[in-house]
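Q: I'd like to go over a predicted model; first the sequence, then the structure.
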Amino acid sequence: MPVLVRNNLPVISHLEAEGLFVMKPKRAMTQKIRPLKIALANLMPTKEATELQFLRLLSNSPLQVDITLLRMDSHQSKNTDEAYLKQFYTSFKNIQTQRFDGMIITGAPVETIPFEHVDYWSEITALMDYTKDNVFSTMHICWGAQAGLYHHYGIDKVLLPRKRCGVFVHNIVGQHHLLFKGADEQIYMPHSRYTGWRKKDIEQHPALTTVLFSKEAGPAVIMAHQGRQIFISGHFEYDADTLAKEYIRDQKKGLPIHMPQHYFKDNQPSKGPLINWRAHANLMFSNWLNYMVYQRTPYDLSELEGIK
């Protein structure tokens with residue numbers, strides 16, 4: 001898919017090196033179509049790496065996508081230069097009069113902190129409230145999913161006995177879902193988190209439907225309002241070496257970390273990771289753009305109806 005981004009966004013060169021088509025604004029104007037407007041609320045400290053991960057997945061479709069990068073004004077980034085953020089990102093206050101076909105709210109390294117103690121909690125909850133009336137389908141990832149389920153449905157996270165880190169097998173629950181149309185029986189997805197959800201809390205809420213479940217990792221993909229809200233506990237977007245880098249980082253910090261499960265070949269870090277989630281990652285994001293967004297969003301976004 002032609003991903004429409006700012007001309008000088010640094011990750012463009014990485015995407016083009018991978019053979020992905022990145023469209024510049026001048027070329028996009030010659031195509032007589034309306035691009036999908038997708039916002040990426042990037043809460044991760046490693047902004048560029050996260051941009052690359054999601055833009056790579058959003059490129060796997062013939063649809064044209066116009067990307068808006070969002071930041072939290074109420075948070076001072078320690079890992080990304082402020083000049084970079086001012087050049088390539090916009091804030092929630094600057095988009096409140098706009099509407100989007102889709103939005104992705106990423107994870108964040110704050111999951112062991114009570115939600116209300118996160119410094120940008122007021123801003124992120126205002127953004128999540130905004131999505132109900134101004135975004136057709138919102139995808140929440142990891143901590144973003146925990147925050148979304150807590151804010152919208154009162155489902156709190158629970159601290160796990162140990163960090164859930166690795167690549168786990170998942171199965172589709174119930175009937176076939178368009179989000180995983182064309183998927184195999186077993187679906188692999190990386191997880192990296194200290195907290196999770198109680199299965200019963202989700203099952204008891206009438207608005208929520210579990211779409212993907214793992215015997216080891218628990219509820220993994222949850223939907224509400226027929227896909228207008230999607231909550232994902234894992235990380236389909238992860239690079240091949242992301243879990244390895246996290247493992248090495250935590251070891252250097254002296255944390256009581258366990259080796260990522262089902263990740264390294266023969267369970268030996270020296271042999272590198274077994275990459276078995278990319279196909280389903282591309283499939284899910286392609287299906288999301290097609291079935292959850294493109295096929296259902298009104299052409300004129302001013303006609304978008306809010307979630308009741």
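A: Right, received. Where do you want to start?
Q: Burial check on the nearest residue to K47 once chain neighbours are set aside, number of neighbours?
A: Once flanking residues are discounted, K47 sits nearest to T80: 4.5 Å by CB to CB, 6 or more residues apart in numbering. Heads up, the C-betas are built off the backbone N, CA and C, glycines and all. For T80, the neighbour count with other CB atoms under 10 Å is 17.
Q: Also E216?
A: Neighbourhood size, E216 [other CB under 10 Å]: 12.
Q: Could I get the contacting residues of it?
A: Going by CB atoms under 8 Å, 6 or more residues apart in numbering, E216 touches 168-169, 261.
Q: try F180
A: By CB under 8 Å, 6+ apart, F180 lies in contact with 172, 187, 211-212, 280, 283-284, 287.
Q: Please apply the same query to L283.
A: Shown in contact with L283 (CB under 8 Å, 6+ apart): 180-183.
Q: With secondary structure, distance to I95 and pLDDT as extra columns, can I get the contacts of F180 in CSV?
A: Converted to CSV, these look like this (DSSP: H, G, I helix; E, B strand; the rest coil; distance: CB to CB, whole Å; pLDDT from 0 to 100):
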residue, secondary structure, distance to I95, pLDDT
I172, strand, 34, 95
I187, strand, 33, 97
V211, strand, 28, 96
L212, strand, 30, 97
H280, helix, 31, 97
L283, helix, 29, 96
M284, helix, 25, 97
N287, helix, 26, 95
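Q: Helices of this structure, start to end?
A: Assigned helices in the chain, in chain order: 12-17, 25-28, 47-58, 82-88, 121-134, 143-153, 199-203, 242-252, 278-287 (criterion: DSSP state H).
Q: Make CSV from the ones you listed and add distance to H176 to it.
A: Converted to CSV, the helices of the chain look like this (distance: least, CB to CB, whole Å):
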stretch, distance to H176
helix 12-17, 32
helix 25-28, 34
helix 47-58, 21
helix 82-88, 39
helix 121-134, 26
helix 143-153, 22
helix 199-203, 20
helix 242-252, 29
helix 278-287, 11
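Q: what residue ranges in the stretch 151-300 of the chain are flagged as low confidence?
A: Applying pLDDT under 70 to the stretch 151-300 of the chain flags no residue at all.
Q: quick one: which of the contacts of E216 sit in strands?
A: Using DSSP state E, the members of the contacts of E216 that fall in strands are 168-169.
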